[in-house]
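S.K.: Following is a predicted model, sequence given first.
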Amino acid sequence: MLGEGILKGLTETARNFAGSFVSAERLTTVQYPEQRIPTAENARVFPFLVYDGTDWEAGMRCVACQICEKECPPKCIYIEKSKDKKPDFVGKMQIYPAKFDIDVSVCMSCQICVEVCPFEAIKMDTEFELSTTDRFGGLLYDRKQLSRSNEYYHKIHPTEAAEVDARLAEEKAKAEAKVKAAAEAAAAKAAAGLSVSAKSTAVSAASPAAPVANPAEAAPAPKPDGGGE
Amino acid sequence: MSAPATDISIKLARQEGWNRPPVIEPDGEGELLEVAMGPHHPSTHGVFRMDVALDGERVIRLKPVFGYLHRNHEKIAEGTSYLASMPYTDRLDYFCSLTNNWAYALAVEKLVAQTVPERAEYMRVILAELTRIQNHASSIGFLLQEMGASGTPLMYAFREREKILDLFEGLTGSRMMCNYMRFGGCRVDASPAWLDATRKVVAGIPEFVDEFEQFLRTNEILMARTQGMGILRPELAVNAGVTGPMLRASGVNYDIRKVDHYGIYDRFKFRVPLGDHWDIYDRYMVRMLEIRESIGILEQALKEIPGGPVMDPRAKIRGFRPKPGEAYGRIEAPKGELGFYLISDGSPNPYRYRVRPPSLINLTVLEDMCLGHNVADVVLIFGSVDIVLGEVDR
């Protein structure tokens, strides 16, 4: 019969229309600003910088190695190294970014900066409601705007953050063990009558967070293999 | 006045030149009307122009004009590292970012003779087949949208696509720009919860396909407008380098999953659907049947997926410098043969990077399929090619 196929199709439409009142399967939309679908755990929007502790400037993990700047496909990261140094999470003196800007109007959320970062310093945020009326200044984030605490990182990506923390704790334990071994060796040497160099004493005095003397020389933190150079 | 599509008087200018477009002669009454369809025509899926010469309603000439979305993909890739091109490949055919990733990863893996762990191979097959399902579903939806079924079939297709995109987001972090595969594996491992969710979604797809077929297959309007329309002869399809469902709808048994044995497709049992009328309806049905075959592959892969790492521990992420050489990696993307040709000169950037885009090459036979048809059918024939302008213009 001509028109049978059309009628069959219309039954299907009617079934879906009626079904949308009773079955959540067929009602697929939500009233967005009021209702929200929770974001997936490893959703990614734009990068942020992780800091440990409470002070964003002191606890910043980034050491301005500029690997992310070099690897970023659309080149949206701009980093300026600092002149002075500050202690990192194991107490080793490191330079830090005096300037760290991300132009989120250029960023394409590809996560390559996160993958190449050897210091677990840059991670992806899940915040997506970022509209602004200022398309130039408002979309250029500086390091203060980019800083988020490690607690925030744990809140948005719990599984991944736990893995990262375990890795960092292991690294720290290794570094401390090395420092301890080096300190013991130095003590043995000092006992043998050799004097500790004046330079290393000065360095340890400048780093209050350092657990033992002479950390800078004794505890080499993991270095990036500097591949792309 | 326009003649019915079945008895068009196509005069072949040269009988021996079967692979040339037929020359349609105007009936001599009145002038030809030249219409620029696009670049902002809603049926063109983006920014694409067809310069059509019309005699009444009949298409006398058709000239496709590409390049409105050209964004220098290949040259950019020659200036960045191998890894940094990966997120750009997502943006070629933005419906199927995971198959683009795979084709590019395959080319680079060939270049450096990198092996891929078993679990990563399974993950790739699962994701590629999910991509194929959502691409075919939405391309059929768009085809029907162009036929005038405004919204309804497309929204049903998108409802299904949404479930698959949610899976992609759960695994890769992004719905469309997945950037998931790496040289030597995949970026993150799938959790057991994700695999269970995938099994659940895959179990629901046959019901959707049945519903969709019930909805459309016997629809008289669909049959009247697609059967016998836009015929692409197999000789021409082969000569023009057409691949994918377009080629198979023309009755040529050529599926790179079967021909090249890339990845682990040898292990799965699936059939290659072929058309025998070479028209739009066949392309529609071939896509429908491919969805069903993909479900079969997914079921087998999800059952057999082994444990283990998803990334070869010897694979390098930073400091990736392949030895001088060249490689061509190709896969059966949902739209056809997607290939990446790379030449390395030993530096961190490829010396030459070339994409073989199925959409562009399938589009080259558009004129041959459209000549002599009514202008309303041009929209439909164009829709049946299934292109994404991001890949056509790159």
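M.R.: Structure received.
S.K.: which residue packs closest to B:Ile264, ignoring adjacent ones?
M.R.: Nearest residue to B:Ile264 in three dimensions, chain neighbours excluded: B:Glu121, at 4.7 Å (Cβ to Cβ, 6 or more residues apart in numbering or on different chains). Backbone N, C-alpha and C define where each C-beta goes, glycine included.
S.K.: what's the answer for A:Tyr153, then?
M.R.: Distance criterion Cβ to Cβ, 6+ apart; nearest residue to A:Tyr153, sequence neighbours excluded, is A:Ala161 at 4.8 Å.
S.K.: okay, the one you found: pLDDT?
M.R.: For A:Ala161, the model assigns a pLDDT of 80.
S.K.: Thought A:Ser149 was touching it, still the case?
M.R.: No - the pair A:Ala161 and A:Ser149 fails to qualify as a contact (Cβ atoms under 8 Å) at a distance of 11.0 Å.
S.K.: all helices for chain A, in order.
M.R.: Under the criterion DSSP state H, chain A contains helices at A:4-22, A:67-71, A:112-116, A:143-146, A:150-156, A:158-191, A:198-206, A:215-218.
S.K.: tell me the domain ranges of the chain?
M.R.: By default, I'm working from chain A. A:47-164, A:169-218 (automatic domain parsing).
S.K.: that's the other chain; I wanted chain B
M.R.: Using automatic domain parsing, chain B is parsed into the domains B:5-65, B:73-393.
S.K.: pLDDT averaged over the shortest one - what is it?
M.R.: Think domain B:5-65. On average, domain B:5-65 scores 68.
S.K.: quick one: low-confidence parts of chain A?
M.R.: A:1, A:193-229 (pLDDT under 70).
S.K.: Up against chain B, what does it have?
M.R.: Contact residues, chain A versus chain B (Cβ under 8 Å from any Cβ of the partner chain): A:2-6, A:8-9, A:12-13, A:16, A:28, A:40-44, A:67, A:71-73, A:108-112, A:115-116, A:124, A:224-228.
S.K.: so where does the closest residue to chain A within the stretch 1-150 of chain B fall, helix or strand?
M.R.: Nearest residue of the stretch 1-150 of chain B to chain A (Cβ to the nearest Cβ) works out as B:Pro87 at 3.5 Å. Element membership of B:Pro87 [criterion: DSSP states H and E] is helix B:86-90.
S.K.: which helices and strands sit right next to the helix or strand immediately after that helix in the chain?
M.R.: Note on helix B:86-90: by DSSP H and E, the next helix or strand toward the C-terminus is helix B:97-112. Here helix B:97-112 touches helix B:86-90, helix B:118-147, strand B:181-182, strand B:325-333, strand B:336-344, going by 3 or more Cβ pairs under 8 Å, 6 or more residues apart in numbering or on different chains; DSSP states H and E.
S.K.: now the angle between strand B:325-333 and the longest one, please.
M.R.: Okay, so that is helix B:118-147. 60 degrees (axes from the mean of the first three to the mean of the last three Cα atoms, to 10 degrees).
S.K.: tell me the average confidence for helix B:118-147?
M.R.: Average pLDDT, helix B:118-147: 89.
S.K.: Spell out which residues sit in contact with B:Gly151, please.
M.R.: The contact partners of B:Gly151, by Cβ atoms under 8 Å, 6 or more residues apart in numbering or on different chains, come to B:Gln145.
S.K.: Now B:Pro309: closest residue in space, sequence neighbours ignored.
M.R.: Using Cβ to Cβ, 6+ apart, the closest residue to B:Pro309 is B:Pro117 (5.1 Å).
S.K.: Pull the number of nearby residues for the one you found.
M.R.: The tally of other residues near B:Pro117 (other Cβ atoms under 10 Å in any protein chain shown) stands at 19.
S.K.: same thing with A:Ala24?
M.R.: So A:Ala24, with other Cβ under 10 Å, has 8 neighbours.
S.K.: A:Gln31 versus that one, what's the distance?
M.R.: Distance, A:Ala24 to A:Gln31, using Cβ to Cβ, to the nearest Å: 14 Å.
S.K.: Does the residue of the stretch 1-150 of chain B closest to chain A touch B:Met177 like I think?
M.R.: Yes - the criterion here is Cβ under 8 Å, and B:Pro87 meets it with B:Met177 at 6.7 Å.
S.K.: Identify the contacts common to these two.
M.R.: With Cβ under 8 Å, 6+ apart, B:Pro87 and B:Met177 have common neighbours A:108, A:110.
S.K.: Any residues of the stretch 1-150 of chain B in contact with chain A? List them.
M.R.: Proximity of the stretch 1-150 of chain B to chain A, by Cβ under 8 Å from any Cβ, involves residues B:80-81, B:83-88, B:90.
S.K.: can you tell me which two in those are farthest apart?
M.R.: B:Ser81 and B:Asp90 (16.2 Å; Cβ to Cβ).
S.K.: which residues touch the closest residue to B:Asp377 other than its chain neighbours?
M.R.: Leaving aside its chain neighbours, B:Asp377 sits nearest to B:Met229 (5.6 Å; criterion: Cβ to Cβ, 6+ apart). Going by Cβ under 8 Å, 6+ apart, B:Met229 touches B:5, B:279-281, B:373, B:377, B:380-381.
S.K.: now do A:Cys76
M.R.: A:102-104, A:106-108.
S.K.: Repeat the analysis, applying 6 Å as the threshold.
M.R.: Shown in contact with A:Cys76 (Cβ atoms under 6 Å, 6 or more residues apart in numbering or on different chains): A:102-103, A:106-107.
S.K.: The nearest residue to it once chain neighbours are set aside - how many residues pack around it?
M.R.: Excluding the flanking residues, the one nearest A:Cys76 by Cβ to Cβ, 6+ apart is A:Val106, at 3.9 Å. A:Val106: 13 surrounding residues under other Cβ under 10 Å.
S.K.: mind listing what B:Thr131 touches?
M.R.: B:96, B:98-99.
S.K.: Ok, B:Gly336 next?
M.R.: Shown in contact with B:Gly336 (Cβ under 6 Å, 6+ apart): B:243-244, B:358, B:362.
S.K.: Distance of it relative to B:Tyr88?
M.R.: 20 Å.
S.K.: Same check on A:Glu12?
M.R.: For A:Glu12, the distance to B:Tyr88 - Cβ to Cβ - is 40 Å.
S.K.: Out of these two, name the residue with the larger neighbour count.
M.R.: Taking other Cβ under 10 Å, A:Glu12 and B:Tyr88 do not tie; B:Tyr88 has more neighbours (24 against 19).
S.K.: hang on, the earlier thing: from the contacts of B:Gly336, which is closest to chain A?
M.R.: Nearest to chain A, judged by Cβ to the nearest Cβ, of these is B:Pro358 at 23.7 Å.
S.K.: Give me the pLDDT for the nearest residue to B:Glu326 once chain neighbours are set aside.
M.R.: Distances taken as Cβ to Cβ, 6+ apart place B:Ile343 nearest to B:Glu326, at 4.5 Å, with adjacent residues excluded. Here, the pLDDT recorded for B:Ile343 equals 91.
S.K.: what about whichever residue of chain B sits closest to chain A, which SS state?
M.R.: Closest contact between chain B and chain A, by Cβ to the nearest Cβ, is at B:Gly319 (2.0 Å). Using DSSP: H, G, I helix; E, B strand; the rest coil, the structure places B:Gly319 in coil.
S.K.: so what pLDDT did it get?
M.R.: 73.
S.K.: same deal with B:Ala333?
M.R.: 89.
S.K.: residues near it, how many?
M.R.: Counted with other Cβ under 10 Å, B:Ala333 comes out at 29.
S.K.: That one against B:Asn100, yeah?
M.R.: No - if you go by Cβ atoms under 6 Å, B:Ala333 and B:Asn100 don't touch, sitting 7.2 Å apart.
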